[in-house]
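Peer 1: sequence below, structure please.
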Amino acid sequence: MTMSAGWYLRRLSRMGPREIGGRVGDTVRRRRWRSAPPDCPSVTGARFTAVLPAGTIAAVPPDAAKRLVAEADRLMAGHAEYFGVDRDDLIDPDWWYDPKTGRRAPSGYAFDVPYRDEDAVGDIKQIWEPSRHQYLTRLAAAYALTGDERYAERVAEHLRSWWAANPPLRGVHWVSGIELGIRLLSWVWVRRLLDGWPGASALFEGNPVAVNQIWHHQRWLAAFPSRGSSANNHVIAETAGQFAAACAFGWFPTSARWRADALRSLDRHLRGNTFLSGLNRELATEYHGLVLELGLAAVAEADAAGVPVPATVRLVLLRMTDALAAVVDNRLRPPRQGDADDGHGLVVDGTGTDRWGSLLATGDAVFGRLDWWPKVTGTDVRTPLLAALVRPYAEKGTARPASRPAHFADAGMTILRGPEEIWCRCDGGPHGFLSIAAHAHADALSVEVRHDGVDVLADPGTYCYHGQPEWRRYFRSTLGHNTLQLDGGDQSVSGGPFLWTRHARSRVLAVDTSDEGVARWCAEHDGYQRSVHRRRVELTSATQELRVVDEVRGPHRSVRLAFHLGPEITADLVGNRAVLTWTRDGEDRSAVLDLPGQLSWRAHHGETEPPLGWYSAGFGRKEPTTTLVGTGTGSADGTEKFTTVLGFRGQGA
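Peer 2: This next block holds a predicted model:
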């Protein structure tokens, strides 16, 4: 997908003067570097001292170690899965090859590579992901756990291969700052985890090629930060990677300045990217996880190097951890809100490790758990590694929630909870973050409902970013969420795959979660301009019943109300009643969904022209599921009301 002139004009319209000036400077610098790239200074006597404390590896739980080693052995055999594509070519990888399309990215000056054009480059996510080198941190961790030098030797072989194939400023891996930042963080941890291997020093600080690569990565990040309307999770990854490298690889004359600048930026952008409640401002849950992982990794490097960190950095990470503990369901699954691309900050665990449980375990080790936190039963490798480096949180007077928060006013998120582990997320918050709201979906007033961790009314997910515009449009559309659509349009106006030119404004009118019998929420948005959509949700514990009342005030020609069912749900729709059935832990479960009778209801399943009835469990993966859509004619001037009731039955019903 190439970007049109119209897109560039729309994108420019979302920038302020300072951002435009910065981007002009970036363009000038790129042109200058084409003919006169910066040179790495000579380095002598470099040493790596940011090692793990003695006894750290012994603290890794045996089952977590077993999962990691199994994953490492699969990688040693050349196998890995990226975004739904199984690869078997990782014994000797082609760093520019996309196995999904069969295309290979062109060579040449990095800033000439049209990385958004799938026809020219391939699927850029498939090319970039292995080069984050997070599979190498897994192999290095397997070496640290087992002492088996095969893992270390494979890491060294692949790093040397990558460095040779990707000299500074050449090719697709020098285009995006988030990729450079995460790659630097991976290299820091690879060096740390290989410290007991005799070849570690010769691979890194004793290797002029490695030193040159590390310097150029940091020089690039210092020169081309994400700016203004793009200063979202990308800038966190850039500054976290820059800071980590400047701490652990502080071998250069500019290392102290890079370290100080990166820490200032990290502090400022962590605060800017996070609501005071602790939720991430992008309102995209996976990016909450990514930013939290990156922030914890950066603090680990600071404490390992003895670099003082502003108190606000730890405070933001504490609030993010408490917020995560507050919003997860009984199976430790957080909301499926906004974009998600399976991005991680630091990967040292095997398949099967619960990401969110791991983050809460690390939060417990670093900050201390509160009494209302959910219990974490799983184990992981990362927590003991980070906990060995991060000093315990010392601000004992910091105010933390005395009970589990249900309503996050600044983020507009409310979690209603009922018996039988009923969990309902109500969305009445901002459309997204910054002027482009890059990772937002047109999902105002949507609900997401689970029963014992099973998606009943599901947020369908994300699936893709580049290359498949019709699928990108669907998964972030209003029709692609559990909310109401008027006149066939989205609540917010899209100007491109990561650009919204008009944002629906939502406001929460009432929340009451204090009554143990009935929890209530009400909100409205103005996305349809001439009409206002208001929604009320009530969860009654005694009857295990969720009631959703939609009101439309103002002229409109047509109405569509969508409810997307999770992939485990089977629906039998007769008229305006759907009987829902599923199985959980060997037990049959069921619910009845009574839909508004004034609409005409139809079940859609895995349709493609246009897309409807799909669920994406992870980036690059989708599967058919059932979507119930009710359609009706509009009203010229009156108020319409639509009532939906979801009633859960007991086990075995």
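Peer 1: state the distance from the residue nearest in space to the middle of the chain to residue 457.
Peer 2: In the chain, the residue lying closest to the centroid (C-alpha atoms, centre = their mean) is residue 286, at 2.6 Å. Noted for residue 286: a distance of 20 Å to residue 457, by C-beta to C-beta, to the nearest Å. Using the backbone N, CA and C atoms, a C-beta is placed for each residue, glycine as well.
Peer 1: next one: residue 230
Peer 2: Counting by C-beta to C-beta, the gap from residue 230 to residue 457 is 33 Å.
Peer 1: then residue 352?
Peer 2: 27 Å.
Peer 1: please say which of the two ends up with more neighbours.
Peer 2: The neighbour comparison of residue 352 against residue 457 (other C-beta atoms under 10 Å) goes to residue 457, with 28 against 13.
Peer 1: which positions within stretch 43-56 qualify as buried?
Peer 2: 43, 46, 48, 50, 52, 56 (16 or more other C-beta atoms under 10 Å).
Peer 1: give me the contacts around it.
Peer 2: Applying C-beta atoms under 8 Å, 6 or more residues apart in numbering, the external contacts of stretch 43-56 come out as 144, 188, 191-193, 195, 200-201, 204-206, 211, 215, 247-249, 251-252, 301, 304-305, 384-385, 388-389.
Peer 1: in helices, which of these appear?
Peer 2: The helices, defined by DSSP state H, take in 144, 188, 191-193, 200-201, 211, 215, 247-248, 301, 304-305, 384-385, 388-389 from the contacts of stretch 43-56.
Peer 1: buried residues of the host helix or strand of residue 139, list them for me.
Peer 2: Using DSSP states H and E, residue 139 sits within helix 134-146. Neighbour counts using 16+ other C-beta under 10 Å place 134, 135, 136, 137, 138, 139, 140, 141, 142, 143, 144, 145 of helix 134-146 among the buried residues.
Peer 1: so the helix or strand that comes right after it versus helix 134-146, what angle?
Peer 2: Once the chain leaves helix 134-146, the next helix or strand it forms, by DSSP H and E, is helix 149-165. Angle, helix 149-165 to helix 134-146, by axes from the mean of the first three to the mean of the last three C-alpha atoms, to 10 degrees: 150 degrees.
Peer 1: check which helices and strands helix 149-165 sits against.
Peer 2: Judged by 3 or more C-beta pairs under 8 Å, 6 or more residues apart in numbering; DSSP states H and E, helix 149-165 is in contact with helix 62-76, helix 134-146, helix 177-193, helix 200-203, helix 208-223.
Peer 1: hang on, residue 528 in a strand?
Peer 2: No. Assigned with DSSP: H, G, I helix; E, B strand; the rest coil, residue 528 falls outside any strand and is coil.
Peer 1: quick one, phi psi at it?
Peer 2: phi -90, psi 10 (degrees, to the nearest 10).
Peer 1: touching, it and residue 491? I think so.
Peer 2: Yes. In terms of C-beta atoms under 8 Å, residue 528 counts as a neighbour of residue 491; the distance is 6.6 Å.
Peer 1: contacting residues around the helix or strand of the chain with the lowest mean pLDDT?
Peer 2: Lowest by mean pLDDT, DSSP states H and E among the helices and strands of the chain is helix 5-13, with a mean of 83. Contacts with helix 5-13, where a contact means C-beta under 8 Å, 6+ apart, come from 20, 436, 495, 496, 499, 501.
Peer 1: among these, which ones are buried?
Peer 2: Applying 16+ other C-beta under 10 Å to the contacts of helix 5-13 flags 436, 495, 496, 499, 501 as buried.
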